[in-house]
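A.B. asks: here you go, sequence then predicted model.
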Amino acid sequence: MTMDELDDTLAELRKPTSREAYLRAFGALLHSGDTAAVCEALDDYQHEEALTRFGGSNPLEPFADLLERLSASWPVEDAHASTRRARTGMTGGRQLSRHDGISDKRTSHSSSASSRPGCRSSLETSPTRRGACRAAGRACANFGVPGRHNGRKGGGTMLNTWLTSRFDLDLPLVGAPMAGVSDGRLAGAVSAAGGLGMFGVPPAASASWIEEQSAVAAASGRPYGVGLMAWAVPDNPAQLDAVIAARPNLVSISFGSYAEYLEPLRQAGITVTTQVGTTDEARAAEQAGVDVIVARGAEGGGHGRNDVATLPLLQSVLDAVSIPVLAAGGIATARGLAAVLAAGAQGAWVGTAFLGCVETTVSEPAKERILAAGEDDTAYGRVFDVAQRLAWPVEYGGRALRNAFFDRWAGREQELAADEDARAEMEAARRAGDFDTAYVYAGQAVGMVSRGRTAADVVADFAAAENLLRR
Ligand SMILES: Cc1cc2nc3c(=O)[nH]c(=O)nc-3n(C[C@H](O)[C@H](O)[C@H](O)COP(=O)(O)O)c2cc1C
């Protein structure tokens, strides 16, 4: 469809001249396969007016199958975000990936096409449109998400993405789950500051602990999330039940077989994600049915793969999947956030940058180590897991501050697994806060964490990504 034809089509949809012309226009748009324009039309066209003037049932009904197919191959939810960005000029001049769903040429068209509120607000107020979007299956990811359009200010138009829209955030930023570091307090503080805070569930955590921390995180009144370790759930299925009962807005379930847990979570209305460390894992995650993928590079703190760094992984995953992608690993400042947004990620998933925060559960001696550590003071491996006899799958080692215990045992993990004295030494060091032996998990971004701060300050600094993207 040429730009002129598109203009005519959208004009017809906005001001229908006859039912037939109106249906013809919408059909032409759908057949063009241009999801951004379809979204524009869903946003702009006058369902009610068409119905009133020409009578009949939901005018989109004849297109239900087509909409469904279109949304399956290229989720319109991305196009919603694209359309919104286009209106605000966010895309101007940037190189867009296919997930942006819109070309630069179309950007200028769309910018002038409408200054109306976004599709989502229309969906919420229009039963007809709701029907239309249901017909499109997953197309309207924003539909029915609570807490939207509550008057919160956005962090800036360049920072509006699928993530901010889905969870009504000020910034496209997730405070990553960090077991043993982020409990409900840190999660709530990140959420209150305009990001999406998550708490991490340790492998042996009880259902009641999850219930308590969920209540603390939810007290911010803002969306929050919970991170489960997939390998730990079979031995502790009450964790999954407790998470479902708490109904957080986002759940990540990573590191192990997670596919069977996705449906119960989604049934509870929870958005689900998993952290992937290779492009193949990303493809498998999309296939399994997650809503969004976290592409987590090897420089990240805590557990994950050590195979691919964040930037090559992100580029490859963005090209390999059609669902929203968040970037993780080494993102600690506005520069990192701007970089991954420019690449096409819908947001950043940030852990290490929060390690110095007053709202963490990190002890003072551990925090001193974090604040003093430089960018090359981390090491990746399984030493600390083996010493604790934790059943982490071998492909998911951990990145932590290098210390004397790590250096002594790295490369001798089998020996360590059988050494009871070393296990006891680790246990005693953990209790005593001796971090020459005990672990402090952190990523390479730890070099940028040099003073104790509040989570709100850390989140606020990320907003400078807006200006970086405008350059
Ligand atoms: C101390 C610490 C604990 C972590 N615990 C978890 C966890 O419980 N569950 C999880 O899915 N990821 C966990 N992670 C990984 C983070 O979710 C995230 O992938 C990582 O922090 C991103 O990289 P960055 O640290 O460079 O920001 C942890 C990371 C850290 C630093």
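C.D. replies: Looks like it came in fine. Predicted model, so just to flag it, every value in this text is computed and none were measured.
A.B. asks: so which residues of the stretch 251-400 of the chain form strands?
C.D. replies: 271-276, 292-296, 302-304, 325-328, 347-350, 378-381, 397-401 (DSSP state E, counting those that start in this stretch).
A.B. asks: now do the contacts for the residue nearest to the spatial centre of the chain.
C.D. replies: By C-alpha atoms, centre = their mean, the mean C-alpha position of the chain lies nearest to Leu326, the distance being 4.8 Å. Leu326 makes contact with 163, 174, 273, 292-295, 345-349, according to C-beta atoms under 8 Å, 6 or more residues apart in numbering. Using the backbone N, CA and C atoms, a C-beta is placed for each residue, glycine as well.
A.B. asks: JSON lines for the residues you listed, including neighbour count?
C.D. replies: What follows is the contacts of Leu326, written out as JSON lines (neighbours: other C-beta atoms under 10 Å):
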{"residue": "Leu163", "neighbour count": "27"}
{"residue": "Val174", "neighbour count": "29"}
{"residue": "Thr273", "neighbour count": "27"}
{"residue": "Val292", "neighbour count": "26"}
{"residue": "Ile293", "neighbour count": "27"}
{"residue": "Val294", "neighbour count": "29"}
{"residue": "Ala295", "neighbour count": "32"}
{"residue": "Ala345", "neighbour count": "31"}
{"residue": "Gln346", "neighbour count": "24"}
{"residue": "Gly347", "neighbour count": "30"}
{"residue": "Ala348", "neighbour count": "31"}
{"residue": "Trp349", "neighbour count": "28"}
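A.B. asks: distance to the ligand and pLDDT added to those residues, as TSV?
C.D. replies: Shown next, in TSV, are the contacts of Leu326 (distance: C-beta to the nearest ligand atom, whole Å; pLDDT from 0 to 100):
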residue	distance to the ligand	pLDDT
Leu163	15	97
Val174	9	98
Thr273	10	98
Val292	14	98
Ile293	12	98
Val294	7	98
Ala295	10	98
Ala345	13	98
Gln346	16	98
Gly347	13	98
Ala348	8	98
Trp349	6	98
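A.B. asks: quick check, nearest of those to Ala418?
C.D. replies: Taking C-beta to C-beta as the measure, Ala418 lies nearest Val294 of those, at 35.0 Å.
A.B. asks: beta partners for that closest one?
C.D. replies: Gln275, Leu326 (DSSP bridges).
A.B. asks: I'd say it and Trp349 touch.
C.D. replies: Yes: contact criterion C-beta atoms under 8 Å: Val294 and Trp349 qualify, at 4.9 Å.
A.B. asks: who touches both of these two?
C.D. replies: 275, 326-328.
A.B. asks: report the two of those separated the most.
C.D. replies: Distances among the shared contacts of Val294 and Trp349 were taken as C-beta to C-beta; the most separated pair is Gln275 and Ala327, at 10.9 Å.
A.B. asks: neighbour-wise, which of those two wins?
C.D. replies: Ala327 (32 against 28; other C-beta atoms under 10 Å).
A.B. asks: and the nearest residue to the more buried one once chain neighbours are set aside, how far is that from Leu311?
C.D. replies: Distances taken as C-beta to C-beta, 6 or more residues apart in numbering put Val340 closest to Ala327, at 3.7 Å, once the chain neighbours are dropped. Computed as C-beta to C-beta, to the nearest Å, the Val340 to Leu311 distance reads 8 Å.
A.B. asks: ditto for Phe406
C.D. replies: In terms of C-beta to C-beta, Phe406 sits 26 Å off from Leu311.
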